[in-house]
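In: my questions are about this predicted structure, shown below with the sequence.
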Amino acid sequence: MQEAANNSTSQVSTSQVSPIIRAEQIEKYYAQPSQNRIQVISPTDLSIVPGEILALLGPSGSGKSTMLRMLTGLSKPSAGQVYWHEKPIADAEINVSIVFQSFALFPWLTVLENVEAPLQARGVEPEARRERSLRMLDTVGLDGFQAAFPKELSGGMRQRVGFARALVVEPEVLFMDEPFSALDVLTAENLRSELLELWAKKTMPTKAVFIVTHNIEEAVLLADRIIVLGRNPGHIRTDFKVQLQHPRDRKSEPFTHLVDYIYKVLTRPEVVPAAPDQTTGKPVRDQRQMHYQMLPHARPGGVAGLLELLLDKGGKDDIYRLADDLAFEIDDLLPIVDAAQLLGFLKIEEGDAAITPTGSAYANSEILHQKELFRVAATEHVLLLRQIRRALDTKSDHTVPEEFFLDMLDEQFSADESQRQVETAVNWGRYAELFDFDASRRRFILPEPQEEVVASEEGAE
């Protein structure tokens with residue numbers, strides 16, 4: 001395995017070969033009763049070429065699985081076109097397979113029958129499909145288990161059945177949707193190594209692999225090329241080749257530099273940092289110019305809790321390790337990290353979250369002083385909160401309808417995301433005592449001054 005893995009998996013130049021699958025300005029949106037629409041994927045170009053493992057990364061809600069479904073023909077783009085060898089995918093005879101996160105095996109069929117199922121659906125004769133299925137089971141290390149049922153197998157063995165079933169049809173492109181996320185750490189690591197070995201030895205009857213993942217290290221470990229999506233709507237933030245030779249050492253400096261680079265892309269939605277020297281090709285910049293910052297959907301209490309944890313760790317920790325320590329998925333932790341960074345309480349340095357002096361003061365303060373610090377940070381760093389407060393100060397009745405801000409946000413976000421942005425702004429604004437919100441009238445209002453409240457209580461006594 002070691003010798004095979006030493007062979008580079010990216011020997012084919014993507015600039016010298018025709019793509020197997022090419023997406024041209026594809027997008028996905030859902031029409032609404034109003035003239036607005038929910039945009040899931042903004043117009044995007046993407047290609048899958050022979051000889052490469054392509055990893056698609058992105059936070060939850062960025063449209064990774066939606067993109068996979070459009071590229072495989074399972075879902076039709078709302079606009080744009082997907083081509084299979086330069087023929088529209090709807091008119092072409094495509095040959096792809098998908099390995100799913102949940103194994104998706106038929107529990108009433110044996111291992112052999114599960115692997116034979118796609119061949120049977122294609123009309124392959126019983127003797128031929130049995131021979132091909134047994135050969136593929138032997139390839140993935142399941143020789144001798146053909147008569148077992150899925151319930152008798154471990155998670156890793158069930159996923160091997162999934163691989164065998166996907167590969168038995170000899171797909172030109174193998175798609176994998178979070179294929180290792182349901183497995184324990186050691187089993188997942190073993191299967192990744194076996195996948196690379198099959199790929200390097202060309203034992204896999206496939207020309208390209210497309211893997212959707214949220215695991216940054218997994219992407220750098222496996223992929224020859226990595227695409228990182230942003231969200232709301234989904235769009236390509238960076239697309240670069242990985243030039244590290246296999247096997248890749250997680251502790252090596254080039255490896256950690258790439259991991260840190262992707263961390264920065266994921267945690268700094270307004271900027272794409274410069275790619276490290278270990279990559280080739282220039283990062284693709286955001287396809288949209290942001291006017292409003294994307295407010296991360298995190299609560300002030302979560303931000304305070306994260307800062308306190310970082311203080312206990314000396315004020316700095318690796319984001320991925322921090323997520324593991326908290327038993328969080330990285331997608332669950334990133335909104336809190338984004339919020340703390342947006343407010344100036346954190347800085348992201350080489351993939352580490354480092355608390356700032358302001359963040360340290362916030363974490364160490366009593367609740368009332370925390371509110372003051374949050375109010376100052378929110379007013380200074382968040383345009384939407386600043387606009388809401390200024391509008392309230394300007395109006396004679398100190399109230400502004402919610403619709404006013406939704407109209408402005410709709411120019412940049414989908415209607416659904418605009419509403420979520422307002423909800424997050426209300427949460428932050430109430431906590432900071434910048435403003436309040438009358439849900440029955442759907443209007444922002446100024447909070448009653450604290451001194452007037454005290455005076456009225458004293459008069460009542």
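Out: Right, received. Where do you want to start? Please read these numbers as outputs of a predicted model, since none were measured by experiment.

In: what residue ranges in this structure score low on pLDDT?
Out: 1-16, 32-36, 103, 268-291, 350-351, 449-461 (pLDDT under 70).

In: look up phi and psi at residue 234.
Out: For residue 234, the backbone dihedrals (degrees, to the nearest 10) come out as phi -60, psi 140.

In: what is the neighbour count of it?
Out: Residue 234: 23 surrounding residues under other Cβ atoms under 10 Å. Any C-beta I mention is one placed from the backbone N, CA and C, and that applies to glycine too.

In: got the contact list for it?
Out: Neighbouring residues of residue 234 by Cβ atoms under 8 Å, 6 or more residues apart in numbering: 28, 40-42, 44, 58, 62-64, 66-67.

In: separation between residue 59 and residue 209?
Out: 22 Å (Cβ to Cβ, to the nearest Å).

In: show me what contacts the residue nearest to residue 48 when sequence neighbours are not counted?
Out: What sits nearest to residue 48 in space, not counting adjacent residues and going by Cβ to Cβ, 6 or more residues apart in numbering, is residue 21, at 4.3 Å. Residues in contact with residue 21 (Cβ under 8 Å, 6+ apart) are 47-48, 71, 82-84, 89, 173.

In: closest to residue 303 out of these?
Out: residue 71 (36.9 Å; Cβ to Cβ).

In: show me what contacts that closest one?
Out: Shown in contact with residue 71 (Cβ under 8 Å, 6+ apart): 21, 23, 46, 48, 82, 175, 210.

In: show residues contacting the helix or strand where the third one lies.
Out: Under the assignment given by DSSP states H and E, the secondary-structure element containing residue 46 is strand 37-48. With Cβ under 8 Å, 6+ apart as the test, strand 37-48 has contacts from 14, 19-32, 54, 63, 66-67, 70-71, 77, 79-80, 173, 208, 210, 227, 233-236, 287-288, 414-416.

In: out of those, which are inside helices?
Out: The helices, defined by DSSP state H, take in 66-67, 70-71, 415-416 from the contacts of strand 37-48.

In: out of the residues you listed, the closest to residue 395 would be?
Out: For those, the nearest to residue 395 is residue 415 (25.0 Å; Cβ to Cβ).

In: tally of neighbours for the closest one?
Out: Neighbourhood size, residue 415 [other Cβ under 10 Å]: 16.

In: cool, residue 220 as well?
Out: What residue 220 shows, counting by other Cβ under 10 Å, is a neighbour count of 24.

In: could you do residue 223 as well?
Out: Residue 223 has 25 neighbours, counted by other Cβ under 10 Å.

In: residues contacting residue 320?
Out: Neighbours of residue 320 in contact, by Cβ under 8 Å, 6+ apart: 216-217, 259, 263, 330, 351.

In: tell me the one of the residues you listed nearest residue 196?
Out: Residue 196 has its nearest neighbour among the contacts of residue 320 in residue 217, at 13.9 Å by Cβ to Cβ.

In: where does the closest one land in three-state SS?
Out: helix (DSSP: H, G, I helix; E, B strand; the rest coil).

In: pretty sure it sits against residue 250.
Out: Yes - the criterion here is Cβ atoms under 8 Å, and residue 217 meets it with residue 250 at 6.5 Å.

In: compare those two (neighbour count), which wins?
Out: More crowded of residue 217 and residue 250, by other Cβ under 10 Å: residue 217, with 17 against 10.

In: which non-adjacent residue is nearest that one?
Out: residue 259 (6.0 Å).

In: send the alpha carbons of the helix or strand that contains that neighbour over as PDB?
Out: Element membership for residue 259 (DSSP H and E) is helix 253-267. Output of helix 253-267 as PDB, limited to C-alpha atoms (Å, rounded to 0.1, in the frame of the first residue of the first chain):
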ATOM      1  CA  GLU A 253       4.200  21.900   7.600                       C
ATOM      2  CA  PRO A 254       2.700  21.900   4.100                       C
ATOM      3  CA  PHE A 255      -0.300  19.800   5.300                       C
ATOM      4  CA  THR A 256      -1.000  22.100   8.200                       C
ATOM      5  CA  HIS A 257      -0.600  25.200   6.100                       C
ATOM      6  CA  LEU A 258      -3.300  23.900   3.700                       C
ATOM      7  CA  VAL A 259      -5.600  23.000   6.600                       C
ATOM      8  CA  ASP A 260      -5.100  26.500   8.100                       C
ATOM      9  CA  TYR A 261      -5.800  28.100   4.800                       C
ATOM     10  CA  ILE A 262      -9.200  26.300   4.500                       C
ATOM     11  CA  TYR A 263     -10.000  27.200   8.100                       C
ATOM     12  CA  LYS A 264      -9.400  30.900   7.200                       C
ATOM     13  CA  VAL A 265     -11.700  30.700   4.200                       C
ATOM     14  CA  LEU A 266     -14.500  29.100   6.200                       C
ATOM     15  CA  THR A 267     -14.200  31.500   9.200                       C
END
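
In: same for it, what does it pack against?
Out: Other helices and strands packing on helix 253-267, by 3 or more Cβ pairs under 8 Å, 6 or more residues apart in numbering; DSSP states H and E, are helix 216-222, strand 225-230, strand 235-242, helix 319-325, helix 330-342, strand 346-349.

In: with distance to residue 117 added, can I get the ones you listed in TSV?
Out: Formatted as TSV, these follow (distance: least, Cβ to Cβ, whole Å):
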stretch	distance to residue 117
helix 216-222	27
strand 225-230	31
strand 235-242	35
helix 319-325	37
helix 330-342	33
strand 346-349	46
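
In: for the ones you listed, which one sits closest to residue 375?
Out: Between residue 375 and the helices and strands packed on helix 253-267, the tightest spacing by Cβ to Cβ is seen for helix 330-342, at 14.5 Å.

In: buried set for the closest one?
Out: Buried positions in helix 330-342, judged by neighbour count with 16 or more other Cβ atoms under 10 Å: 330, 333-342.

In: same question, stretch 163-179
Out: In stretch 163-179, counting by 16+ other Cβ under 10 Å, buried: 163-169, 171-179.

In: who are the contact partners of residue 204?
Out: Applying Cβ under 8 Å, 6+ apart, the residues contacting residue 204 are 167, 174, 198.

In: can you do 10 Å?
Out: By Cβ atoms under 10 Å, 6 or more residues apart in numbering, the contact set of residue 204 is 136, 139-140, 163, 166-167, 170-171, 174, 195, 197-198.

In: do the same with residue 218
Out: Residues counted as contacts of residue 218 (Cβ under 10 Å, 6+ apart) are 55, 57, 178-181, 188-189, 192, 211.

In: now the contacts of residue 320 in JSON lines, with distance to residue 105?
Out: Converted to JSON lines, the contacts of residue 320 look like this (distance: Cβ to Cβ, whole Å):
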{"residue": "216", "distance to residue 105": "29"}
{"residue": "217", "distance to residue 105": "27"}
{"residue": "259", "distance to residue 105": "33"}
{"residue": "263", "distance to residue 105": "35"}
{"residue": "330", "distance to residue 105": "28"}
{"residue": "351", "distance to residue 105": "37"}
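
In: which of the residues you listed sits closest to residue 446?
Out: Taking Cβ to Cβ as the measure, residue 446 sits nearest to residue 330 out of those, at 38.6 Å.
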